[in-house]
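Novice: Here is my input, please return the structure:
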Amino acid sequence: MKKQDFIYGIHAIESLLTHSPERILELWVLQGRDDDRLAPLLKAAQDFGCTAQRATKKTLDEKADSSQHQGVVARVQAAKVLAENELDALLDSTEVPFLLILDGVTDPHNLGACLRNADAAGVQGIIVPKDNSAGLTPTVSKVACGAAETVPLFQVTNLARTMRHLQDRGVWIVGTAGEADGALYQAELTGPLAIAMGAEDKGLRRLSREACDKLVSIPMAGSVSSLNVSVATGVCLFEAVRQRIK
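Specialist: Below is the predicted model of the structure:
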């Protein structure tokens, strides 16, 4: 039997209906809710042959394990997380890879926000370690606002080894570290690129740092010493986007 999850939130389920409608097993909508915001979702579900069942708020809260479901919950086949050996297919499919590496990001809200940033920036894949990392949970999908359906997530056994493999394939890896001498805005972020981000409390692990081609820092003008990892990820990705669209 395939693993199943509950996905909730209008954006997350709209994206699911757009990109992977076959994953939806059951769909529930809050009793009495028939507003314009929900109508396109219900129409898309109906076109796919999925009839929404009406349910009380209490029932939806229990299914989503959250009250932040916006009146819609779906039982779905669990999202597919790609394996390390599938990474080469991605590299073969593009001349200029643009990847994000997340080392030790265990908070599902942060992973969801990073997925959303990655989708907006045009990142082609996110690489995370199998251990010490959040997975594609319902919370991640909700926070990602649909990006969990569009950005491939690769789980690898040995992150440092995978980074070296990327380098062998011609990908330049830029990692972030608060003590790095070079600033983000002076770094070359064009061409085949992977940006490596660590958890906000510990940063990149030693082996991950050593596997980077270059370490950079984000200039900080205020009194705080670091940014939330999803915010820092957005800053780094969009500096790369700025350079890549010149």
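
Novice: who's in contact with the residue of the chain positioned farthest from its centre?
Specialist: Here the chain reaches farthest from its C-alpha mean at Gly32, the gap being 33.0 Å by Cα atoms, centre = their mean. Contacts here follow Cβ atoms under 8 Å, 6 or more residues apart in numbering; on that basis Gly32 touches nothing. Every C-beta, even on glycine, is put in place using the N, C-alpha and C of the backbone.

Novice: Please, which helix or strand holds it?
Specialist: Assigning secondary structure by DSSP states H and E places Gly32 outside every helix and strand.

Novice: In stretch 6-20, which residues are buried?
Specialist: When neighbours are counted by 16 or more other Cβ atoms under 10 Å, the buried residues of stretch 6-20 are found to be 6-17, 20.

Novice: Is the residue positioned nearest the centre of the chain part of a helix or strand, or is it coil?
Specialist: Among the residues of the chain, the one closest to the centroid is Leu115, at 2.2 Å (Cα atoms, centre = their mean). Of the three states, Leu115 takes helix according to DSSP: H, G, I helix; E, B strand; the rest coil.

Novice: Make 723 the first number, not 1, from now on.
Specialist: Shifting the count to begin at 723 puts that one at Leu837.

Novice: Surely it touches Ala866?
Specialist: Yes - with contact defined as Cβ atoms under 8 Å, Leu837 counts as touching Ala866 (4.0 Å).

Novice: Against Gly897, how distant is Asp935?
Specialist: For Asp935, the distance to Gly897 equals 8 Å [Cβ to Cβ, to the nearest Å].

Novice: for Ile732, phi and psi?
Specialist: phi -60, psi -50 (degrees, to the nearest 10).

Novice: Please tell me how far it sits from Lys765.
Specialist: Ile732 is 13 Å from Lys765, by Cβ to Cβ.
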